[in-house]
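# Fold the following, please.
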Amino acid sequence: MPLRATCLAIAGMFLTWSGSSRAEEHSRTLTIATEGTYPPWAFAKPDGSYAGYEMDLVNILCQRMKVTCRVVTQDWNGLIPGLRVGQYDAIIASMGVTEERSKVVSFSIPYTRAPNGFLTTATDPLAHLPYGESSFDLTQEPQTARSALDTLKAAFAGKVIGVQTGSTAAVFAEAYLQGLTVREYPSFEQLGLELAAGRINIAIANVTTFKTLMEAAPKGSLVMTGPTFSGGVLGSDTTNMAFRPDDDALRNAFNAALASVNRDGTNRALSEKWFGTDISIHD
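Sure, this is the predicted structure:
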């Protein structure tokens, strides 16, 4: 990740709840960072407060840990650098586990599964990509995935592809779509606007973000297309909280809270509320 860190905004609100375990280890206020421009995971409302799946989730986690949590927002590329220098205690921002990230932060247990996929306009020929509804794992089936990517790369020739800067989709494009026109945007919101305006032909991102864009656009104007990918440079296809490597006690406390919401159906209900489908982690 780049070492530049620019704070976009601070949600000047404290979220306080009562709940269960490990309060004695975390009597202080915890500061949790998110990007805040990634609906339905976390996004700003008209009144300046933040809402979304991860905002609901962090509220419940802090309640169960009996801690007071302060939520701040940070641009995506600054999230990990800000954590490392102590600007906040943890990150919850639809972040996947990758080899490079794991070198500088430690991750919680996962709370969702969400691969990367493709979104385009209904009128673009890319709306009819091959391998629709298929899923490829770059780690478990590299040759099959590579064959599919070669076919997709040929379809993308002459097209403009959009990704968010610093995302796993950007790493994916750099690794597998070399020679094609790929444009990077600082936020997912801007990526969606560029797609809707026709300045790019197709967007690559976490598939759970597409529902919000599709609902905001004229009905039927945006469509998911082609297969989904996980593994390899995309990581495990899970989303996890991030912590400083030496902050074992805090990570373990959040792991216990995450395990409880995964186990008792709370996370499933939040997932269905915000994504319209269950992408939670559970047995």
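
# only C-alpha atoms for contact and neighbour calcs from this point on.
Noted.

# Please report how far residue 53 lies from residue 67.
19 Å (CA to CA, to the nearest Å).

# and those two? which has more neighbours close in?
residue 67 (26 against 20; other CA atoms under 10 Å).

# Just confirm that one contacts residue 28, I think it does.
Yes: the pair residue 67 and residue 28 passes the contact test of CA atoms under 8 Å, sitting 7.2 Å apart.

# so where's this protein uncertain?
Where the chain drops to pLDDT under 70, the residues are 1-27, 283.

# list the contacts for the most centrally placed residue in it?
The centre of the chain sits closest to residue 94, judged by CA atoms, centre = their mean, with a distance of 2.7 Å. Contacts for residue 94 (CA atoms under 8 Å, 6 or more residues apart in numbering) come out as 41, 54, 239, 240.

# Strands - which of the residues you listed land there?
239, 240 (DSSP state E).

# Quick one: classify the residue nearest to the centre of the chain as helix, strand or coil.
Following DSSP: H, G, I helix; E, B strand; the rest coil, the label given to residue 94 is coil.

# List phi and psi for it.
Per-residue torsions, residue 94: phi 50, psi 40 (degrees, to the nearest 10).

# Show me the helices in the stretch 51-200 of the chain, by range?
53-65, 79-84, 99-102, 142-156, 168-176, 188-196 (DSSP state H, counting those that start in this stretch).

# The fifth one versus helix 142-156: what angle between them?
An angle of 90 degrees separates the directions of helix 168-176 and helix 142-156 when computed by axes from the mean of the first three to the mean of the last three CA atoms, to 10 degrees.

# Distance check, residue 50 against residue 93.
Residue 50 sits 13 Å away from residue 93, going by CA to CA.

# Repeat that for residue 241.
With CA to CA as the criterion, residue 241 and residue 93 are 7 Å apart.

# ditto for residue 125
32 Å.

# quick one, which of those two is more surrounded?
residue 93 (25 against 12).

# ok, now which ones touch that one?
By CA under 8 Å, 6+ apart, residue 93 lies in contact with 33, 34, 35, 41, 42, 54, 241.

# how about 10 Å then?
For residue 93, the contacting residues are 32-38, 41-42, 54-55, 73-74, 76, 79, 239-242, by CA atoms under 10 Å, 6 or more residues apart in numbering.

# what about the closest residue to residue 92 other than its chain neighbours, how many neighbours?
Nearest residue to residue 92, sequence neighbours excluded (CA to CA, 6 or more residues apart in numbering): residue 241, at 5.0 Å. By other CA under 10 Å, 25 other residues sit near residue 241.

# How about the contacts made by residue 241?
32-33, 90-97, 105-111, 251, 254-255, 258.

# before we move on, what about residue 52?
36, 38-45, 270, 273-275.

# follow-up on the earlier one: now distance to residue 117 too, for the helices of the stretch 51-200 of the chain, in TSV please.
Formatted as TSV, the helices of the stretch 51-200 of the chain follow (distance: least, CA to CA, whole Å):
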stretch	distance to residue 117
helix 53-65	20
helix 79-84	23
helix 99-102	20
helix 142-156	12
helix 168-176	9
helix 188-196	14
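
# Can you tell me how far residue 235 is from residue 146?
16 Å.

# Looking at those two, which one has more neighbours?
residue 235 (22 against 15).

# For the more buried one, list the residues it contacts.
By CA under 10 Å, 6+ apart, the neighbours of residue 235 are 95-101, 115, 137-139, 168, 229.

# Same question for residue 133.
117, 224, 225, 226, 227, 228.
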